[in-house]
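A.B. asks: I'll drop the sequence and a predicted model, then ask my questions.
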Amino acid sequence: MAPTAEFCGIDPEQMGQLATSLRGAADRLTAFSREFEGKLRENGVETPALREITDIADWGGRQVSMLHGRIDLIKALGDGAPELGGAGGTGGAASVAAGGQGLIRLPDELKDYDLAQGLARMYGEDILVNFHSDLQAKLIHEHIDDVAKIAENPQAAAAFFALLSPKVRDSLPNLIAVTGSKTAKKDLAVFSKALGAALNAPTLVPAFAKVRDDLVKPAGSKVTAWSRLALLSGANAPSSVRSAAARALVLDEFAKKPKQDWRAGGPTETKKYGLPEDLVAMGLEVLAGDGAAVRDTFAKMGGNDVKLSQVDKMKLFLDRAKMAGTGDEVADAFGRAMEAGTEAKTEKAGQHSPEAAAFALDAIKVAGSLGSDLPKVGWDSMSVIAKSYIHELASGARFDKAVYRDSGMGVPESWIHLPPVTPAFYLSPGDTFRFLKTFVGDKQLTDDFDATAAQFRHDTLIAAARLDAQGTTRYFEDSAKMFGDLAGIEFKATLDVRGEQDAIDEVALNIVKNTASFVIDGVSPTSRGLIAGWELLKAHGVSMGLDEAADRIETRVEEATGARADFVLRLKYDMARLLHEADYPASGPPAEAMNMDTGKLKTYDELMAEAKKEASNGKEWEQVLKEKLTPYERWMDSNRKLDDKAEDASTYQGSERPKEEINIWD
């Protein structure tokens with residue numbers, strides 16, 4: 001029934017009187033019909049009219065049954081409702097007077113309430129209590145489409161859970177799992193979706209308020225708390241409910257007494273649903289994906305009795321994450337909760353909201369305190385945060401200004417902003433370095449971060465070059481220095497975590513893959529070229545500071561490519577190419593230096609690949625390359641400002657200083 005703005009009232013007491021009257025009338029009609037039908041038949045008179053009266057009496061009897069059922073339903077759904085004019089709903093509604101409270105309001109969904117009542121009785125009083133094993137599993141799944149149907153109507157979903165036995169509701173995950181059902185995970189997800197719909201309803205069925213209250217207060221046992229959290233984990237409940245439930249069912253107590261046995265999920269349930277056994281991890285599961293809920297929880301966790309800072313609260317989870325047994329469950333859920341709280345997947349890098357940024361600052365410092373000792377299951381979440389907060393990490397790696405700074409939301413003294421880098425907070429070099437160590441132990445995560453850093457470097461240097469072209473600023477060189485610092489301490493972090501051999505091998509491999517193996521067959525090297533520039537920064541740092549390592553990396557690259565690993569030269573051409581792409585003032589480059597497909601200057605490696613392809617008749621490719629580079633160099637020489645800018649920027653990016661200074665400022 002579509003909602004209406006008109007008032008629609010039902011008085012159960014008067015409806016009961018109507019039913020009683022109708023019942024009496026039906027009985028009298030039935031008695032009348034039988035008496036006169038017998039007398040008329042004795043005299044051979046046909047009685048079709050009396051049969052119609054009998055049908056009317058039968059209809060009246062059926063309506064009596066329906067009315068009594070409707071009265072019971074309305075009273076049940078109206079249980080706990082406030083007086084009309086209090087906190088009741090608005091708009092179209094079925095209003096009833098129940099329990100002497102006066103008129104109350106229900107959303108006008110009476111037809112769907114009947115379906116909800118039928119399902120609640122069928123599951124709560126029959127299927128989930130009177131059957132076992134395969135038959136029970138079959139019956140649960142057989143009617144799951146009806147649960148899915150009421151999930152589309154928030155009011156009907158609220159009615160279903162309000163009418164479902166609390167004992168059944170609190171053990172629903174267990175009751176479904178122990179049947180051995182192969183569809184248990186899908187079935188529980190449907191019940192969770194229906195619960196989420198009810199919790200998100202714009203107006204509450206009054207009786208559902210008690211269900212909601214039960215979900216956000218202590219359960220009395222860890223097993224029941226786990227079950228409630230399992231039902232909520234897939235409900236997409238409102239932020240306020242997620243936060244209140246997670247706190248009440250586990251996290252407030254965890255903040256007060258963290259050192260206790262928090263295992264609560266049974267092996268059958270955890271295996272069926274893929275949910276953690278650890279109750280603390282389950283609390284975080286309910287929060288994951290909802291940044292507002294995460295931040296609210298960490299702000300309020302423990303209540304007034306707990307005087308811990310947000311950082312201290314985060315450390316409680318990391319302490320538990322280091323424990324044997326369920327530690328990985330906590331670490332994984334904690335990482336995803338941090339992703340949500342920092343809005344790493346929902347807000348754009350460089351445009352983070354103040355509340356998300358403040359949370360991220362604490363998360364980065366806390367995670368960094370463990371560095372590579374953070375459990376591996378949490379590394380991927382740290383990588384997600386790192387990519388989203390690339391502006392903050394790049395700024396945090398700077399050694400040119402306020403190197404002594406502490407991490408914080410305020411701008412450090414003597415700081416010079418480098419547009420378009422827009423950090424929401426300012427990390428110290430030490431905190432930046434320690435946070436990088438939380439994920440660089442994994443090659444794929446490092447590659448993902450490097451792709452983000454490479455794109456950010458490209459975009460920043462292009463923007464800086466365009467700004468420099470308008471005046472006398474040196475944003476291009478200063479930005480190049482910043483990225484050199486970031487690449488330097490990232491490589492230092494990788495050395496510390498993986499060891500020199502592994503770190504050197506990876507840089508060599510990536511250079512070969514992304515830089516020196518370009519093929520000139522009409523394929524643009526742009527995507528690999530961006531990452532190549534980032535790898536060159538790390539390689540140049542190696543070549544300047546670690547003699548034996550430099551020899552190894554150069555040897556590996558030279559063996560793979562047949563070319564001298566001249567990282568400085570490659571960086572210079574990379575800078576010149578970026579300046580030209582940004583339309584930095586200069587004369588037009590020679591045609592042979594241009595890639596006609598991309599409209600950009602060729603990279604050093606494109607020219608080298610061409611030289612190898614064109615070498616013939618006893619002419620070595622090195623000589624061909626020299627001939628190709630000559631007009632390129634002449635063009636740069638004839639444009640001194642561009643040439644000086646490219647030279648300075650390439651020099652700044654290849655500094656060993658970050659790896660040396662981090663030893664002091666870490």
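C.D. replies: Sure thing, it's come through.
A.B. asks: SS state for Pro206?
C.D. replies: coil (DSSP: H, G, I helix; E, B strand; the rest coil).
A.B. asks: shouldn't it be in contact with Ala158?
C.D. replies: No - using C-beta atoms under 8 Å, Pro206 is not in contact with Ala158; the gap is 9.4 Å. Just so you know, the C-beta spots here come from the backbone N, C-alpha and C atoms, and that holds for glycine as well.
A.B. asks: These two: who's more crowded?
C.D. replies: Ala158 (32 against 25; other C-beta atoms under 10 Å).
A.B. asks: any idea which element the more buried one lies in?
C.D. replies: helix 154-163 (DSSP states H and E).
A.B. asks: Show me what counts as buried in the helix or strand just after that helix.
C.D. replies: Moving toward the C-terminus from helix 154-163, the next helix or strand (DSSP H and E) is helix 166-170. If you call a residue buried by 16 or more other C-beta atoms under 10 Å, then helix 166-170 has these buried ones: Val168, Arg169, Asp170.
A.B. asks: Stretch 231-244 too?
C.D. replies: Buried residues in stretch 231-244 (16+ other C-beta under 10 Å): 231-239, 241-244.
A.B. asks: As TSV, these with pLDDT, distance to Asp644 and secondary structure would be great.
C.D. replies: Shown next, in TSV, are the buried residues of stretch 231-244 (pLDDT from 0 to 100; distance: C-beta to C-beta, whole Å; DSSP: H, G, I helix; E, B strand; the rest coil):
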residue	pLDDT	distance to Asp644	secondary structure
Leu231	97	66	helix
Leu232	97	62	helix
Ser233	95	59	helix
Gly234	93	60	coil
Ala235	96	61	coil
Asn236	95	57	coil
Ala237	97	60	coil
Pro238	97	59	coil
Ser239	97	54	helix
Val241	97	61	helix
Arg242	98	57	helix
Ser243	98	56	helix
Ala244	97	62	helix
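A.B. asks: Closest to Asp648 out of those?
C.D. replies: Each of these was checked against Asp648 using C-beta to C-beta; the closest is Ser239, at 49.8 Å.
A.B. asks: Rank the helices and strands of this protein by mean pLDDT and give me the bottom one.
C.D. replies: For the chain, using mean pLDDT, DSSP states H and E, the weakest element among its helices and strands is strand 93-97, scoring a mean of 46.
A.B. asks: Please state the backbone phi and psi of Met608?
C.D. replies: Phi and psi for Met608, reported as degrees, to the nearest 10, are phi -70, psi -40.
A.B. asks: Help me confirm that it comes into contact with Val624.
C.D. replies: No - the pair Met608 and Val624 does not pass the contact test of C-beta under 8 Å, sitting 9.3 Å apart.
A.B. asks: Between these two, which is the more surrounded one?
C.D. replies: Met608 (26 against 19).
A.B. asks: Check the spacing between that one and Ala615 real quick.
C.D. replies: 11 Å (C-beta to C-beta, to the nearest Å).
A.B. asks: which neighbours do the two share?
C.D. replies: Trp621 (C-beta atoms under 8 Å, 6 or more residues apart in numbering).
A.B. asks: looking at it, Ala288 is touching Arg336, isn't it?
C.D. replies: Yes - the criterion here is C-beta under 8 Å, and Ala288 meets it with Arg336 at 4.1 Å.
A.B. asks: Those two - which one has more neighbours?
C.D. replies: Higher neighbour count among Ala288 and Arg336: Ala288, with 23 against 20, using other C-beta under 10 Å.
A.B. asks: ok, that one - contacts?
C.D. replies: Val294, Ala333, Arg336, Ala337, Glu339, Ala340.
A.B. asks: Surely the third one touches Leu284?
C.D. replies: Just to be clear, that refers to Arg336. Yes - using C-beta under 8 Å as the test, Arg336 is close enough to Leu284 to be in contact (7.4 Å).
A.B. asks: Can you read off the backbone torsions of Asn617?
C.D. replies: phi 50, psi 40.
A.B. asks: Could you measure from it over to Gln623?
C.D. replies: 11 Å.
A.B. asks: Which one's more surrounded, those two?
C.D. replies: Gln623 (12 against 4).
A.B. asks: pLDDT wise, what is the closest residue to that one other than its chain neighbours at?
C.D. replies: Using C-beta to C-beta, 6 or more residues apart in numbering and skipping residues adjacent in sequence, the residue nearest Gln623 is Ala615, 7.8 Å away. Per-residue pLDDT puts Ala615 at 89.
A.B. asks: same thing with Asp79?
C.D. replies: 69.
A.B. asks: Now do the SS call for the residue positioned nearest the centre of the chain.
C.D. replies: Nearest to the centroid of the C-alpha atoms of the chain, with distances taken as C-alpha atoms, centre = their mean, sits Gly289, at 4.0 Å. Using three-state DSSP, the structure places Gly289 in coil.
A.B. asks: Now for it: which residues touch it?
C.D. replies: So, once contact is read as C-beta under 8 Å, 6+ apart, Gly289 ends up touching Arg336, Ala340.
A.B. asks: distance of it from Ala480?
C.D. replies: 38 Å.
A.B. asks: again with Met323
C.D. replies: 45 Å.
A.B. asks: So for these two, which sits in the more crowded spot?
C.D. replies: More neighbours surround Ala480 than the other of Met323 and Ala480, with 30 against 15 (other C-beta under 10 Å).
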